[in-house]
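*Asks:* Please find the sequence and the predicted model below.
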Amino acid sequence: MTGERCAQSPCGEASPWEPGALLAGAVALMTTPHDILKQVFGFDHFRGVQEDVVMRVLGGQHTLAVMPTGAGKSLCYQLPAVAHEGTALVISPLIALMHDQIRSANAIGLRAASLTSADADRERTVERLKAGELDLLYAAPERATGDGFRRLISRTNVSLIAIDEAHCVSEWGHDFRPDYRQLKGLLDDNPDVPRLALTATADRRTRSDILTQLGIPDDGLIIAGFDRPNIRYNVRPRDGLPQQLKSLLAQQPGAGIVYAPSRDKAERIAEQMSGTGRPALPYHAGLDPQVRSRNQAAFVESEDMVMAATVAFGMGIDKPDVRFVAHAGIPKSIEAYYQETGRAGRDGDPAEAWLFWGAEDFARARQRVETEVEPDRRSGERERLNALAAFVEASGCRRAILLSHFGEDPPEACGNCDNCLDPPATIDATEVARKLLSAAFRTEMRFGVGHLADVLAGNDSEKVRSFGHDRLSVFGIANAEEIALVRSVARALIARDALRADAYGGLSFGPGAKPILKGERQITIAVPPPRKRTSRKRFDGPADPLFDALREARRKLAAESGVPPYVIFHDSTLREIAARKPRDLHELGTVQGVGAVKLERYGAAMLDALSTNG
Ligand SMILES: [Zn+2]
């Protein structure tokens with residue numbers, strides 16, 4: 001087999017990524033999409049809507065697939081690219097994303113290349129394209145809309161045109177790119193070539209815009225649900241963030257992202273995390289571009305690194321084995337939260353999302369809306385913050401809130417979020433809220449929660465006396481139990497815009513204050529049950545020496561091939577190998593994620609690792 005492959009490689013390259021005859025020979029024997037799924041991708045079954053999308057594309061129909069991150073979008077065009085003769089053209093907005101996809105495609109034996117400014121081998125790629133030696137060609141919209149490229153494509157046997165991140169075509173989408181609009185010309189040049197638009201985030205308006213702009217019929221729309229069942233959502237008030245992050249790291253051995261609200265904080269968090277012995281790097285727009293791309297590359301290759309980053313990080317990264325995403329402050333909106341946490345667990349393995357929030361996050365965000373946002377956009381922004389407040393303060397299922405936000409009708413409890421797993425106690429705190437609001441009012445709305453608590457508790461402190469607050473009617477009206485709730489209640493009131501905090505923490509009334517004082521609105525707060533962290537079961541279970549040995553073997557293969565470990569095999573595949581202990585290549589080939597090419601390339605090394613450690 002190896003000899004054949006070299007003979008078929010026209011340029012004489014010894015590249016291990018030149019599958020040539022190996023795959024071509026195998027494909028000739030495959031008749032159905034399921035055969036290809038098994039042989040090339042190593043899977044017994046399609047996931048979710050993958051099969052519907054693939055069947056439409058194979059049937060030559062134009063399609064828009066809206067699939068959440070991690071639902072296996074790339075397979076939807078890779079499989080047809082294998083099944084059909086000719087080259088599948090993939091339009092993608094980011095070079096980093098393209099190169100990542102190409103590595104993964106090469107690893108399963110697909111012949112993939114890109115034409116971008118970052119590719120030194122463009123001439124060679126054009127030659128391969130003309131010779132019909134490419135299964136997949138990636139290009140950015142800027143290039144794909146140019147005359148030269150369109151001429152090149154007109155002389156090429158194109159099997160499919162896939163448009164990734166298709167929401168960029170819509171002005172309603174959150175990432176409008178004018179070049180996407182120009183793609184229509186390229187598509188019209190090739191009216192009979194099936195087009196497949198793909199996106200993870202598109203609301204109703206954006207979807208219908210994509211259909212129109214790309215000439216896809218309404219019945220070509222396939223929507224998978226928004227749910228990411230493998231992500232466990234956890235939300236906590238921020239309370240000693242460095243310690244909270246440290247204990248998160250202690251129970252999360254895999255790679256993770258911590259989103260920080262500012263560049264400074266990203267730097268500081270990276271430093272603190274490094275102090276725990278865990279590899280950690282910062283990423284934000286203030287870093288030198290070279291440092292930034294070096295840090296990003298290091299993260300992509302790593303199995304345990306923590307990236308402390310601003311939201312500038314994440315676009316264009318397709319690292320499937322990110323095990324957790326933590327937010328050190330509130331995100332911009334529920335949509336942003338869904339997108340950012342969606343970077344965890346793309347491989348489908350268990351992953352966690354953590355959000356650490358503080359009242360000051362809401363105070364700052366609300367202040368920004370009132371001072372920096374144009375007046376006609378304010379009410380929309382306020383609504384966004386209210387939705388976020390309801391999410392962080394919820395005592396019910398977090399997933400249910402997220403999914404209803406996207407118009408789905410989810411079950412009441414998911415069983416995989418903090419509130420489902422450890423239901424918090426809910427307390428009617430209306431009385432405490434009214435006392436706190438009264439105290440703020442009586443003290444002329446300029447003191448922080450600490451002072452107000454002192455007044456309510458009847459603490460005869462120097463500060464209290466110097467302002468004469470010991471003579472107020474609210475002095476000492478709260479009992480110890482109520483005082484214990486004051487901070488949580490203040491947080492809840494600030495989040496709901498019943499209290500507003502100034503730059504020094506001084507609290508004044510927001511629009512939500514009056515209804516509470518008048519007894520028209522109840523305040524219920526969720527109090528998470530106290531518990532010891534150590535009882536939490538880690539999802540990857542106790543240390544498994546066999547799994548570790550396979551990881552080690554994978555690391556070696558990855559280093560030899562110059563690709564990240566996940567390109568060789570996903571963790572879930574290694575876990576299945578460790579559990580089933582296949583005795584030979586044939587048995588190994590039945591493991592999910594082990595296709596023909598990977599079996600040939602890596603099978604022996606895996607069996608080796610099994611026999612020396614088994
Ligand atoms: Zn839940």
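*Replies:* Done, it's in. Numbering: from 1, shown residues only.
*Asks:* from here on, contacts and neighbour counts on C-alpha atoms
*Replies:* Fine.
*Asks:* what does stretch 259-278 rub up against?
*Replies:* 242, 245-246, 279-286, 304-311, 325-330 (CA atoms under 8 Å, 6 or more residues apart in numbering).
*Asks:* Quick one: distance of the helix or strand where residue 385 lies to the chain centre.
*Replies:* Taking DSSP states H and E as the criterion, residue 385 maps to helix 375-393. Centroid displacement of helix 375-393 relative to its chain, using CA atoms, centre = their mean, to the nearest Å, is 22 Å.
*Asks:* Mind listing the strands the one helix or strand residue 198 maps to pairs with, and their directions?
*Replies:* If you go by DSSP H and E, residue 198 is part of strand 195-199. Applying DSSP bridges to the sheet, strand 195-199 is found paired with strand 63-66 (parallel), strand 158-163 (parallel).
*Asks:* helix or strand right after the first one?
*Replies:* Taking DSSP H and E as the definition, the helix or strand that follows strand 63-66 towards the C-terminus is helix 75-83.
*Asks:* Same question for the longest one.
*Replies:* For strand 158-163, the following helix or strand on the C-terminal side (DSSP H and E) is helix 178-181.
*Asks:* ok, which stretches of the stretch 101-250 of the chain are strands?
*Replies:* In the stretch 101-250 of the chain, the strands defined using DSSP state E, counting those that start in this stretch lie at 112-115, 136-139, 158-163, 195-199, 221-223, 231-237.
*Asks:* Nearest approach to residue 297 belongs to which of those strands?
*Replies:* For these, proximity to residue 297 was assessed by CA to CA; strand 112-115 is nearest, at 18.7 Å.
*Asks:* helices or strands up against that closest one?
*Replies:* Strand 112-115 is packed against helix 95-107, helix 122-130, strand 136-139, with contacts defined by 3 or more CA pairs under 8 Å, 6 or more residues apart in numbering; DSSP states H and E.
*Asks:* Now tabulate those in CSV and tack on mean neighbour count, mean pLDDT and distance to the ion.
*Replies:* What follows is those, written out as CSV (neighbours: other CA atoms under 10 Å; pLDDT from 0 to 100; distance: least, CA to the ion, whole Å):
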stretch, mean neighbour count, mean pLDDT, distance to the ion
helix 95-107, 20, 91, 32
helix 122-130, 16, 94, 48
strand 136-139, 25, 97, 39
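*Asks:* export those to TSV and tack on distance to residue 294?
*Replies:* As requested, the helices and strands packed on strand 112-115 are exported to TSV (distance: least, CA to CA, whole Å):
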stretch	distance to residue 294
helix 95-107	12
helix 122-130	24
strand 136-139	23
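*Asks:* Of the ones you listed, give the one that comes closest to residue 483.
*Replies:* Of all those, helix 95-107 sits nearest to residue 483, with 52.1 Å by CA to CA.
*Asks:* who does that closest one touch, helix- and strand-wise?
*Replies:* strand 112-115, helix 565-568.
*Asks:* still on that earlier bit, give me the residues contacting the helix holding residue 385.
*Replies:* Against helix 375-393 from outside (CA under 8 Å, 6+ apart): 235-236, 332-334, 357, 362, 365-366, 369-370, 398, 401-402, 492, 495-496, 525-526.
*Asks:* Give me the buried positions along it.
*Replies:* Using 16 or more other CA atoms under 10 Å as the test for burial, helix 375-393 gives 378, 381-382, 385-389, 391-393.
*Asks:* returning to what we had before: identify whichever of the strands paired with strand 195-199 lies nearest to the ion.
*Replies:* Closest approach to the ion among the strands paired with strand 195-199 (CA to the ion): strand 63-66, 23.5 Å.
*Asks:* From the chain's centre, how far out is the closest one? Work that out for me.
*Replies:* On CA atoms, centre = their mean, the centre of strand 63-66 falls 19 Å from that of its chain.
*Asks:* now swap in stretch 490-508 and tell me
*Replies:* Here stretch 490-508 shows a centroid-to-chain-centroid distance of 31 Å under the convention CA atoms, centre = their mean.
*Asks:* Pull the residues that contact that stretch.
*Replies:* By CA under 8 Å, 6+ apart, the residues outside stretch 490-508 that reach it are 358-360, 362-363, 366, 386, 389, 393, 433, 436-437, 440-441, 445-449, 509-514, 525.
*Asks:* Now do that stretch, average pLDDT.
*Replies:* Per-residue pLDDT over stretch 490-508 has a mean of 87.
*Asks:* Give me the neighbour count for the residue nearest to residue 565 when sequence neighbours are not counted.
*Replies:* Closest residue in space to residue 565, ignoring its immediate chain neighbours: residue 558 at 5.1 Å, by CA to CA, 6 or more residues apart in numbering. Look at residue 558: counted by other CA atoms under 10 Å, it has 18 neighbours.
*Asks:* What of residue 409?
*Replies:* 11.
*Asks:* Can you name the residues that contact the residue in the stretch 251-400 of the chain that the ion sits nearest to?
*Replies:* Nearest to the ion in the stretch 251-400 of the chain, going by CA to the ion, is residue 397, at a distance of 3.6 Å. Going by CA under 8 Å, 6+ apart, residue 397 touches 412-414, 417-420.
*Asks:* Out of the helices and strands packed on helix 95-107, which gets the lowest mean score?
*Replies:* Among the helices and strands packed on helix 95-107, helix 565-568 scores lowest, at a mean of 92.
*Asks:* Not counting its own residues, what contacts stretch 568-575?
*Replies:* Residues outside stretch 568-575 that contact it (CA under 8 Å, 6+ apart): 107, 321, 347, 349, 547, 550-551, 554, 557-558, 591-594, 598, 602.
*Asks:* got the domain boundaries for this structure?
*Replies:* 22-223, 231-357+394-423, 426-527, 545-613 (automatic domain parsing).
*Asks:* I'd like to know which of those lies nearest to residue 374.
*Replies:* Evaluated with CA to CA, those place domain 231-357+394-423 nearest to residue 374, the distance being 16.6 Å.
*Asks:* what's the span of that closest one from first residue to last?
*Replies:* Domain 231-357+394-423 has an end-to-end distance of 18 Å (CA to CA, to the nearest Å).
*Asks:* cool, stretch 564-574 as well?
*Replies:* With CA to CA as the measure, stretch 564-574 spans 15 Å from end to end.
*Asks:* Could you list the contact residues of this structure toward the ion?
*Replies:* By CA under 5 Å from the ion, the residues of the chain that approach the ion are 397, 413-415, 417, 420.
*Asks:* Need the pLDDT of whatever residue of the stretch 201-350 of the chain ends up closest to the ion.
*Replies:* Of all residues in the stretch 201-350 of the chain, residue 233 sits closest to the ion, at 7.8 Å by CA to the ion. Residue 233 carries a pLDDT score of 98 in this model.
*Asks:* So in terms of bridging, what pairs with it?
*Replies:* Residue 233 forms beta bridges with residue 353, residue 417, as assigned by DSSP bridges.
*Asks:* so how many other residues sit close to it?
*Replies:* By the measure other CA under 10 Å, the count of residues near residue 233 is 22.
*Asks:* List the residues that contact it.
*Replies:* 352-354, 398-399, 416-418 are the contacts of residue 233 under CA under 8 Å, 6+ apart.
*Asks:* Let's see that with 10 Å instead.
*Replies:* Listed by CA atoms under 10 Å, 6 or more residues apart in numbering, the contact partners of residue 233 are 325-326, 341, 351-355, 397-399, 416-420.
*Asks:* and residue 612, how many residues sit next to it?
*Replies:* 9.
*Asks:* returning to what we had before: could you tell me which of the contacts of helix 375-393 are located in helices?
*Replies:* Per DSSP state H, helices hold the following members of these: 334, 362, 365-366, 369-370, 398, 401-402, 492, 495.
*Asks:* on that earlier part again, adding pLDDT and distance to residue 69, write the residues of the chain next to the ion out as CSV.
*Replies:* Shown next, in CSV, are those (pLDDT from 0 to 100; distance: CA to CA, whole Å):
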residue, pLDDT, distance to residue 69
397, 95, 21
413, 93, 22
414, 95, 19
415, 95, 21
417, 97, 19
420, 95, 23
